[in-house]
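Asker: take this sequence and fold it.
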Amino acid sequence: MEEISSPLMLGFLGSLAAGLMTAVGAAPVLAGRMPGQAFRDMSLGFAAGVMLAASFFSLIIPALDAAEVSYGAGPVPAAITCLSILIGMGAVHLMNEALPHEHFKLGREGPEAASLRRVWLFIIAITIHNFPEGLAVGVGFGAHGLSGGMPLAIGIGLQNAPEGLAVAVALLGEGYDRRRAWSIAALTGMVEPVGGAIGAGVISVAEPLLPWGLAFAAGAMLYVISHEIIPETHRRGHQNKATLGLAVGLVVMLFLDVWLA
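Answerer: As a prediction, the model looks like this:
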């Protein structure tokens, strides 16, 4: 029981459960049920809202609190949190630049992209996208155990479902059969427990890194929201539905964070 309740194991299992929701979200393609584009954009907007709320209420505010415990009131906790957010955003930006991958909107990029099979471009893109989410869940469990990680695991799991569906539908559009499209979409969520284990492990071992780790994870997620999800939801003219989805996702995550904390 002690082993299961350890922050490292909780971080791994929580992020694994969240990652598996990509498979749940992609399941409609197996049944041949294809939701319309407006619904998919609204669902991705919901995912953006969940991530936005999680970034602030489950990561940034606890980061400020943790820094204040270590350094006292004043400008230092705010400076540490702000710097960590920027480092987190910058780290994901560097991964975007360094790895050949494929955006939903922009198409192929990277010097070796032409020689890579399309499926691996998608997998790399979603790896970049999902890793910070697993990291955030792991940091939450590593920092505060169940009370800190459970809201994040549930919230990230909820927002993974529409992402899984988006990936599966995109692969269907490229000619993959339904079973293979679902399998690849499900596989993309399996990077999250890797990030979860890393996040929980680092925070558990190095307590002074807690405010840095929380804010770093928040910055990584904020970059993904701004760079990937919101542009995708708006590019087909469904801004109103996407904004509605974002609003609902934000308040759902806020409610979960307050209720489960």
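
Asker: is residue 73 in a helix, a strand, or coil?
Answerer: Recorded secondary structure, residue 73: coil (DSSP: H, G, I helix; E, B strand; the rest coil).

Asker: number of nearby residues for it?
Answerer: For residue 73, the count of nearby residues is 8 (other C-beta atoms under 10 Å). Every C-beta, even on glycine, is put in place using the N, C-alpha and C of the backbone.

Asker: do you know how far it is from residue 223?
Answerer: Relative to residue 223, residue 73 is positioned 29 Å away (C-beta to C-beta, to the nearest Å).

Asker: what sits against the closest residue to residue 11 other than its chain neighbours?
Answerer: Of all residues not flanking residue 11 in the chain, residue 200 sits nearest, at 2.6 Å (C-beta to C-beta, 6 or more residues apart in numbering). Contact analysis of residue 200 by C-beta atoms under 8 Å, 6 or more residues apart in numbering lists 7-8, 10-12, 138-139, 141-142, 149.

Asker: secondary structure element for residue 200?
Answerer: Assigned by DSSP states H and E, residue 200 belongs to helix 192-205.

Asker: quick one: distance of that helix to the chain centre.
Answerer: From the chain centre to the centre of helix 192-205 is a distance of 14 Å (C-alpha atoms, centre = their mean, to the nearest Å).

Asker: try stretch 157-174
Answerer: Between the centre of stretch 157-174 and the centre of its chain there are 14 Å (C-alpha atoms, centre = their mean).

Asker: dump that stretch to CSV, keeping only the CA atoms.
Answerer: Once non-C-alpha atoms are left out, stretch 157-174 reads as follows in CSV (Å, rounded to 0.1, in the frame of the first residue of the first chain):
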residue,chain,number,x,y,z
GLY,A,157,-8.2,13.2,-18.8
LEU,A,158,-11.4,15.2,-19.7
GLN,A,159,-9.5,17.3,-22.2
ASN,A,160,-7.6,14.3,-23.6
ALA,A,161,-10.9,12.8,-25.0
PRO,A,162,-11.5,15.5,-27.7
GLU,A,163,-7.8,15.5,-28.5
GLY,A,164,-7.9,11.7,-29.1
LEU,A,165,-10.9,12.1,-31.4
ALA,A,166,-9.2,14.9,-33.3
VAL,A,167,-6.2,12.7,-34.0
ALA,A,168,-8.2,9.7,-35.0
VAL,A,169,-10.4,11.8,-37.4
ALA,A,170,-7.3,13.4,-38.9
LEU,A,171,-5.7,10.0,-39.6
LEU,A,172,-9.0,8.8,-41.1
GLY,A,173,-8.7,11.8,-43.5
GLU,A,174,-5.3,10.6,-44.5
